[in-house]
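A.B. asks: Fold the following.
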Amino acid sequence: MTKRIIYLHQYFAIPSMSGGTRSYDLSKKFLEQGHQVIMITTSAFLKDFELTGTWTVINYEGIELHVLKQEYNNKLSFAKRIFVFLQFFLYASRRVLKVKGDVVIATSTPLTIAIPALVKKMLHHTPFIFEARDIWPEVPVAIGVIRNRQLIRILNSFEKYIYRNAKHIVALSEDMKHSIVSRTGTNSDKVTVIYNISEMKRFSNVPEGAPIMPKYTASDKIVLYAGTLGMVNGIKYVIDLAAETAQIDPEIVFMVLGDGMEKPELLRYAAERQVLNRQVFFLDPVPKNMLPKLYAESTIGSSFFIPVKELWANSANKFFDCLAAGRPILINYEGWQATAIHEKEVGIVLSPASNIKAAATALSNYLNDHSTLAKQRNNAIKLAEERYSLDIAAARYQDVLLAV
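C.D. replies: I've put the predicted structure just below:
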């Protein structure tokens, strides 16, 4: 049974631009399954599109895009981001009523993405699926961004209201599902885990052209971080780790690819620790379809977070991109990813910042174990194919859509 899917994603991105492409990849699969997709989004990651007014409708590869012209970047303060969230849900709540659909998918963050879906349900009786890409407000409360007790109570109540009204909930990891069920009393059967995606086809096609890494280093021990440079990512850990590895294995280098509100401070701190452009190099973000080249030229990929337990449930793109590229993964936190790394032998879990010297020694030993690295490259691709491929995610979503 085919459906008209209204897809609400404030930060929709396509492979020719930087940003996560989960919604794009799933939309393309929905089209293959015979569904129609109407994407309601903003211009945040679609800056190259010609926008003619407040809303622009574009047919992009079969996806009907409704794009709200809105300025956004990941350097915005928390207060400014809240304003952007509010602005989008107000505009999108009106827009969604002008579009016909059989089901709505609302993918967070922010939590306010559910409001247009709730409006559509109340006025047009259209069921919606809520996709929790991050757990709000649990995470911002845990990291101290939201502290007002009354606001926390309001947000917790709103979260429960969303889950009660959603026809189904999609969580991006088992740990996220556990958080939703245990904190809000949501029935476990109402929550389906559909992990983030290792897009095998994209990462098997490495773009041609001159190598990129030799412009910066001749080392064959390259750790790549490709992601946001925000508060929760804790990239100061990388700089401290680089300062320690420089003492025992100066050939280890870290390529930090990305942007964010922490970048100026990270550059200053790297210079202070005397590793800037020696052991740590900062590169600007690249389009998603250029990432395979950078991973192919790196030894391992990585994902980092500040030491807050609530962040362990994350389903960051970096983890899945790394596996799809056939590269082992380095992380500095526990949770389901650490368990997968240990069980499937696809990388290394380093100790937290309190034991940086031990982490540096472990990383040096690991990067000099060439037989293990070779084995884990194969394990990474195998795990991506068997558990996190786009085909697997799309098939699970098809089951959810048909059930709704």
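A.B. asks: any weak-confidence spans in this protein?
C.D. replies: The chain contains residues with pLDDT under 70 at 72-79.
A.B. asks: Backbone dihedrals for Thr112, please?
C.D. replies: Here is the backbone geometry of Thr112 (degrees, to the nearest 10): phi -70, psi -10.
A.B. asks: Check Ile40 too.
C.D. replies: Taking degrees, to the nearest 10 as the convention, Ile40 sits at phi -110, psi 120.
A.B. asks: next one: Ile135
C.D. replies: According to degrees, to the nearest 10, Ile135 has phi -100, psi 100.
A.B. asks: what number of residues lie near the nearest residue to it once chain neighbours are set aside?
C.D. replies: Nearest residue to Ile135, sequence neighbours excluded (CB to CB, 6 or more residues apart in numbering): Ser179, at 5.2 Å. Every residue, glycine included, has its C-beta placed from N, CA and C. Here the number of neighbours of Ser179 (other CB atoms under 10 Å) works out to 18.
A.B. asks: Same question for the one 10 residues further on.
C.D. replies: One way to gauge burial is a neighbour count; for Asp189, by other CB under 10 Å, it gives 8.
A.B. asks: Report the next helix or strand after the one helix or strand the residue nearest to Ile135 maps to in sequence order.
C.D. replies: For Ser179, the enclosing helix or strand under DSSP states H and E is helix 174-184. Heading C-terminal from helix 174-184, the first helix or strand you meet, by DSSP H and E, is strand 191-193.
A.B. asks: follow-up on the earlier one: show me what contacts the residue nearest to Ile135?
C.D. replies: Residues in contact with Ser179 (CB atoms under 8 Å, 6 or more residues apart in numbering) are Ile135, Glu138, Glu310, Ala313.
A.B. asks: now do 7 Å
C.D. replies: With contact set as CB atoms under 7 Å, 6 or more residues apart in numbering, Ser179 has these partners: Ile135, Glu138, Ala313.
A.B. asks: Any chance of the backbone angles for Glu244?
C.D. replies: Glu244 has phi and psi values of phi -80, psi -40 when expressed as degrees, to the nearest 10.
A.B. asks: Tell me who's in contact with it.
C.D. replies: Glu244 makes contact with Ile356, Lys357, Ala360 under the criterion CB under 7 Å, 6+ apart.
A.B. asks: Leu241 is in contact with the last one, correct?
C.D. replies: Yep, that's Ala360 we're talking about. Yes. Between Ala360 and Leu241 there is a contact at 5.9 Å, judged by CB atoms under 7 Å.
A.B. asks: returning to that earlier point: neighbour-wise, which one of the contacts of Glu244 leads?
C.D. replies: Ala360 leads these on contacts (other CB under 10 Å) with 23 neighbours.
A.B. asks: what's the helix or strand for it?
C.D. replies: helix 356-367.
A.B. asks: before we move on, what about Val57?
C.D. replies: Counting by DSSP H and E, Val57 is found in strand 55-60.
A.B. asks: Repeat that for His342.
C.D. replies: His342 belongs to helix 336-344 when assigned by DSSP H and E.
A.B. asks: What residues sit buried inside that helix?
C.D. replies: For helix 336-344, a neighbour-count test (16 or more other CB atoms under 10 Å) marks Trp336, Gln337, Ala338, Ala340, Ile341, Lys344 as buried.
A.B. asks: Reformat those into TSV and put distance to Thr126 next to each item.
C.D. replies: Output for the buried residues of helix 336-344, formatted as TSV (distance: CB to CB, whole Å):
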residue	distance to Thr126
Trp336	33
Gln337	35
Ala338	39
Ala340	36
Ile341	40
Lys344	40
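A.B. asks: which one of the residues you listed sits closest to Ser93?
C.D. replies: Of all these, Trp336 has the smallest distance to Ser93: 34.2 Å, by CB to CB.
A.B. asks: The nearest residue to that closest one once chain neighbours are set aside and Asp391, how far apart?
C.D. replies: Residue nearest to Trp336 in three dimensions, not counting chain neighbours: Asp175, with 5.0 Å by CB to CB, 6+ apart. To Asp391, Asp175 is 24 Å away according to CB to CB, to the nearest Å.
A.B. asks: Strands along the stretch 51-200 of the chain, start to end?
C.D. replies: For the stretch 51-200 of the chain, applying DSSP state E, counting those that start in this stretch gives strands covering 55-60, 63-68, 103-107, 128-132, 168-171, 191-193.
A.B. asks: As JSON lines, those strands with distance to Ala324 would be great.
C.D. replies: Below are these laid out as JSON lines (distance: least, CB to CB, whole Å):
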{"stretch": "strand 55-60", "distance to Ala324": "23"}
{"stretch": "strand 63-68", "distance to Ala324": "22"}
{"stretch": "strand 103-107", "distance to Ala324": "20"}
{"stretch": "strand 128-132", "distance to Ala324": "20"}
{"stretch": "strand 168-171", "distance to Ala324": "20"}
{"stretch": "strand 191-193", "distance to Ala324": "19"}
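A.B. asks: mind putting these in JSON lines, mean neighbour count and distance to Ser43 included?
C.D. replies: Listed next are the strands of the stretch 51-200 of the chain as JSON lines, based on neighbours: other CB atoms under 10 Å; distance: least, CB to CB, whole Å:
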{"stretch": "strand 55-60", "mean neighbour count": "14", "distance to Ser43": "8"}
{"stretch": "strand 63-68", "mean neighbour count": "20", "distance to Ser43": "6"}
{"stretch": "strand 103-107", "mean neighbour count": "26", "distance to Ser43": "17"}
{"stretch": "strand 128-132", "mean neighbour count": "26", "distance to Ser43": "21"}
{"stretch": "strand 168-171", "mean neighbour count": "22", "distance to Ser43": "25"}
{"stretch": "strand 191-193", "mean neighbour count": "18", "distance to Ser43": "31"}
